[in-house]
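Visitor: pasting the structure only:
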Ligand code: AMP
Ligand code: MN
Ligand code: MN
Ligand code: MN
């Protein structure tokens, strides 16, 4: 029996909404037994060269990564890109445009929170943002824990920042077609991130997978820290039905907040094509 490759192809650093540097994440992935790693910051690839260098220095293989925010059917969907050229100009511009609205959105979030009795949230969140261009709801969540408004970030997302709650500001991100195209034309593979998270009807989910394929998307996350174990076989079946390769990644953000550590997930269910088999030529070998 062959031992499955310990690939962890989804996590976040201080370049977006994680709390560790790319180098600290590389060391943690290595300690967790990861053999093939990708850093997938939200809408930003500024950490890629550091991550690849740190991974290779530790003997880990590396795939470039990103997690692009997309609006599909009035819902925020995340598309992971893997194995692209990190110096591609069109991808860089697309990501810069996608990041562009975050500052104004953050001001509006803070305005709503002030109305709910929590002043100073913009400045508070900004202190947690390692990259001010990438100010995100996660940074607001950390500030709300700091002020004592909530016990942990999970409670923040139950009481604030989500639809119908104070601090929810609807936002239009990249289109599905553009996100897939930026990744694909930069030589990479587009992958639907954590599909179980989207609260879609069956019809909407079918439309997402169908349109994603039509745009040239090739993969879907099956085993992710953002799925329950019961969801793995559901999305394994979707991968088979749509002829998509399967990915695996912890979605690790922080030692204090993430319940799944780098490299700690179970292997992909059998009978799936792992994304790394199709990306073999794109792997930066140690
Ligand atoms: P943003 O891109 O600013 O909308 O922030 C989205 C980020 O917030 C995600 O990438 C997660 O890190 C975090 N997040 C969203 N929903 C939750 C939740 N229910 N619990 C914990 N973190 C969440
Ligand atoms: Mn995040
Ligand atoms: Mn995500
Ligand atoms: Mn993520």
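Guide: Good, I have the coordinates. Not measured: the values here are computed from a predicted model. Ligands and ions are numbered 1, 2, ... in the order given.
Visitor: use CA for all of it now, contacts and neighbours both
Guide: Will do.
Visitor: does any part of stretch 97-108 sit near ligand 1?
Guide: No. Using CA under 6 Å from any ligand atom, stretch 97-108 never reaches ligand 1; the gap is at least 7.5 Å.
Visitor: what about the residue in the chain positioned nearest to ligand 1, neighbour count?
Guide: Closest approach between the chain and ligand 1, counting by CA to the nearest ligand atom: residue 136, at 3.2 Å. Neighbourhood size, residue 136 [other CA atoms under 10 Å]: 22.
Visitor: Same question for residue 259.
Guide: Neighbours of residue 259 (other CA under 10 Å): 14.
Visitor: Who are the contact partners of it?
Guide: residue 225 (CA atoms under 8 Å, 6 or more residues apart in numbering).
Visitor: I'd like the next helix or strand past the strand or helix carrying residue 154.
Guide: Here residue 154 sits within helix 153-159, counting by DSSP states H and E. Using DSSP H and E, the next helix or strand after helix 153-159 towards the C-terminus is helix 176-185.
Visitor: Pull out the buried positions in that next one.
Guide: Neighbour-count burial for helix 176-185, counted by 16 or more other CA atoms under 10 Å, picks out 176-177, 179-184.
Visitor: Could you do stretch 99-108 as well?
Guide: In stretch 99-108, counting by 16+ other CA under 10 Å, buried: 99, 102-103, 105-108.
Visitor: Secondary structure for those - can I get that in CSV?
Guide: As requested, the buried residues of stretch 99-108 are exported to CSV (DSSP: H, G, I helix; E, B strand; the rest coil):
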residue, secondary structure
99, helix
102, helix
103, helix
105, helix
106, helix
107, helix
108, helix
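Visitor: of all those residues, which comes closest to residue 66?
Guide: The shortest approach to residue 66 among the buried residues of stretch 99-108 belongs to residue 99, at 12.7 Å (CA to CA).
Visitor: Make sure residue 59 is actually in contact with residue 286.
Guide: Yes. Taking contacts as CA atoms under 8 Å, residue 59 lies within contact range of residue 286: 5.0 Å.
Visitor: and which of the buried residues of stretch 99-108 is nearest to residue 27?
Guide: Among the buried residues of stretch 99-108, and counting by CA to CA, the member closest to residue 27 is residue 99, at 27.9 Å.
Visitor: what's the spacing between the residue of the chain closest to ligand 1 and residue 59?
Guide: According to CA to CA, to the nearest Å, residue 136 and residue 59 sit 32 Å apart.
Visitor: Next: residue 215.
Guide: 35 Å.
Visitor: cool, and residue 93?
Guide: Taking CA to CA, one finds residue 93 at 32 Å from residue 59.
Visitor: Those two: which is more packed in?
Guide: The neighbour count for residue 93 versus residue 59, taken as other CA under 10 Å, is higher for residue 59 (15 against 12).
Visitor: How about the residues of the chain by ligand 1?
Guide: Counting by CA under 6 Å from any ligand atom, the chain sits next to ligand 1 at 136-138, 153-154, 157.
Visitor: Output the buried residues of helix 176-185 in a markdown table; the columns should cover pLDDT.
Guide: Output for those, formatted as a markdown table (pLDDT from 0 to 100):
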| residue | pLDDT |
| --- | --- |
| 176 | 98 |
| 177 | 98 |
| 179 | 99 |
| 180 | 99 |
| 181 | 98 |
| 182 | 99 |
| 183 | 99 |
| 184 | 98 |
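Visitor: which two in those are spaced the farthest apart?
Guide: Pairwise distances across these (CA to CA) peak at 12.2 Å, for the pair 176 and 184.
Visitor: I'd like to know how many residues surround residue 149.
Guide: By the criterion of other CA under 10 Å, residue 149 has 15 neighbours.
Visitor: no wait, residue 229
Guide: Neighbour count for residue 229, taken as other CA under 10 Å: 14.
Visitor: my read: residue 235 touches residue 224, true?
Guide: No. With contacts counted by CA under 8 Å, residue 235 stays clear of residue 224, the gap being 10.6 Å.
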